[in-house]
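here is my input; please provide its structure:
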Amino acid sequence: MTRYGFLSTFPPTRCGLATFTESLSDALVLVGDEEGTIVRVLDQPEDRSPRDVRARSRVRTDLIADDRVSTVRATSTLNACDVAIVQHEYGIFGGRDGDQVLEVLAAMTIPTIVVLHTVLVAPTPHQREVLIEVCRLASVVVVMTTRARENLGACYAVDLGRVHVIPHGVQHVGLSESVPHSGRRVVTWGLLSPGKGLEWGIRAMAELTDVTPPVEYIVAGQTHPKVLAHAGENYRTMLTALAAELGLDSSVHLDGRYLDAAQLAALIASADAVLLPYDSVDQATSGVLAEAVAAGVPVVATPFPHAVELLSGGAGTIVRHQHPDSIANALREILTGPSVADRMRETALREAHETTWSAVADRYRVLTARLLAARAA
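From the prediction side, this is the model:
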């Protein structure tokens, strides 16, 4: 029996890493001879709601930011497993640039797989030091794109022999039956925060008012919890005001719900195109992008690293950062050119089954088996 330990945010926390870890752990512990232990990363202690049955049954302990006692408890819990899978993002751990994780990794006595969700191409000196040390302390490192692996070698001088590329897993593969709706539908989903570039998407919609049938833009998702804590709903309010100013009240819809799996599947199936107008030039991975491509929906995205790599084969179009004209032109081509959209769908679906969570979990199993065999030898 292989006992997996996971260090990450985890539901009911709502963020990309929490969803990633839930999906990966579900896929890994699906077979009867494996177990999973979650050590949940939190900014501050939280009472576990009696309604949160799933979290209570799987989360063994919490790693609290800048809390020494919880750090010791977290490392002890993970070391009781056979292998630890650690999700790394600078912003989830305590300390400067999340350097609290270094203490945890240094105390690991079991093989440790560190999954990097961000590989900055222009880090601060301290961010660079932290990531180099994270990679040094890990038994192996996993990134989700070839570009991220190359950046580790070029910018951080990490030994690439210890770096493995395993793609982001997806839930919704090959959604063939579209959901009936009037007009053309462009969608974006995920937690809202400044930097998502949604204002450029809304401005692009103002240039598509002549398209028939009319174009509808749906932005689905709650405001990111950390943004909500320090800035409230300012970003959402700004987006709503912008849509009104441009006369798009009836065509731009900000859905503030956090969609469950069924709701998200229905939204994706209803989309004629997915728009990811992110401002970031460093985003190494995007679960939204992976889901959209796996579902065969044409994607329009700015040139963040994951998009450049994943769309290079023709599953979507890369547009300029913060450039409504470029976004509008790309969407117009997809929405008014059936052959363009069909070609993108065929390209996207060709290798989609290799990124299902079950397929991704199998690759983590192989990696785990190698680590355990090497340790035994």
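
report the contact partners of the spatially most central residue of the chain.
When CA atoms, centre = their mean is applied to the chain, the residue found nearest the centroid is residue 287 (3.5 Å). Contact analysis of residue 287 by CB atoms under 8 Å, 6 or more residues apart in numbering lists 16, 19-20, 168, 170, 190. For glycine as for every other residue, the C-beta is placed from the backbone atoms N, C-alpha and C.

give me that answer again for 7 Å
Contact analysis of residue 287 by CB atoms under 7 Å, 6 or more residues apart in numbering lists 16, 19-20, 168.

and for residue 137?
Residues near residue 137 by CB under 7 Å, 6+ apart: 102, 105-106.

sorry, back to before: who wins for neighbours among the contacts of residue 287?
Compared across the contacts of residue 287, residue 168 has the highest neighbour count, 27 neighbours, by other CB atoms under 10 Å.

tell me the contacts of the closest residue in space to that residue that isn't next to it in sequence?
Distance criterion CB to CB, 6 or more residues apart in numbering; nearest residue to residue 168, sequence neighbours excluded, is residue 290 at 4.2 Å. Neighbouring residues of residue 290 by CB under 7 Å, 6+ apart: 168, 170, 355.

which among these gets closest to residue 303?
When these are compared for distance to residue 303 (CB to CB), residue 168 wins out at 17.9 Å.

so that closest one makes contact with residue 143?
No - in this structure, residue 168 is not within contact of residue 143 by CB atoms under 7 Å, at 10.2 Å.

immediately after the host helix or strand of residue 151, which helix or strand?
In the assignment (DSSP states H and E), residue 151 maps to helix 146-156. Downstream of helix 146-156, the first helix or strand assigned by DSSP H and E is strand 163-165.

okay, and for the stretch 251-377 of the chain, where does confidence drop off?
Scanning the stretch 251-377 of the chain with the threshold set as pLDDT under 70 gives 351.

what ranges do the strands span in it?
Under the criterion DSSP state E, counting those that start in this stretch, the stretch 251-377 of the chain contains strands at 252-255, 273-276, 299-301, 316-318.

point out the most buried one among these.
Of all those, strand 299-301 has the most neighbours on average by mean count of other CB atoms under 10 Å, namely a mean of 28.

what pairs with it, and is each one parallel or antiparallel?
Its sheet considered, strand 299-301 pairs with strand 273-276 (parallel), strand 316-318 (parallel) by DSSP bridges.

check which helix or strand covers the spatially closest residue to residue 252 that is not a sequence neighbour.
The shortest distance from residue 252 to any non-neighbouring residue, by CB to CB, 6+ apart, is to residue 243 (4.1 Å). According to DSSP H and E, residue 243 maps onto helix 234-245.

for that helix, what is the average pLDDT?
The predicted model assigns helix 234-245 a mean pLDDT of 97.

and it, what's buried?
Residues of helix 234-245 classed as buried by neighbour count (16 or more other CB atoms under 10 Å): 235-236, 239, 242-243.

now swap in stretch 151-170 and tell me
151-152, 155-156, 158, 163-164, 166-170.

ok, stretch 296-315 next?
For stretch 296-315, by 16+ other CB under 10 Å, it's 296-302, 304-307, 309-311, 315.

sorry, back to before: redo the contacts of residue 137 as JSON lines? Include secondary structure and pLDDT.
Below are the contacts of residue 137 laid out as JSON lines (DSSP: H, G, I helix; E, B strand; the rest coil; pLDDT from 0 to 100):
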{"residue": "102", "secondary structure": "helix", "pLDDT": "98"}
{"residue": "105", "secondary structure": "helix", "pLDDT": "98"}
{"residue": "106", "secondary structure": "helix", "pLDDT": "98"}
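
what about those residues, which one has the most neighbours?
The most crowded member of the contacts of residue 137 is residue 105, carrying 22 neighbours; neighbours defined as other CB under 10 Å.

show me what contacts that one?
Listed by CB under 7 Å, 6+ apart, the contact set of residue 105 reads 112, 134, 137-138.

if you set the cut-off to 6 Å instead, what comes out?
The neighbours of residue 105, taking CB atoms under 6 Å, 6 or more residues apart in numbering as the test, are residue 137.

same check, this time on the one 10 residues further on
Going by CB under 6 Å, 6+ apart, residue 115 touches 87, 142.

repeat that for 8 Å
85-88, 141-144.

helix/strand/coil for it?
strand (DSSP: H, G, I helix; E, B strand; the rest coil).

beta partners for it?
Per DSSP bridges, residues listed as beta-bridge partners of residue 115: residue 87, residue 142.

can you check residue 38 too?
residue 6, residue 59.

circling back: next, format the strands paired with strand 299-301 as CSV and append distance to residue 214.
Compiled in CSV, those are given as follows (distance: least, CB to CB, whole Å):
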stretch, distance to residue 214
strand 273-276, 14
strand 316-318, 21
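
many thanks, I have nothing further to ask.
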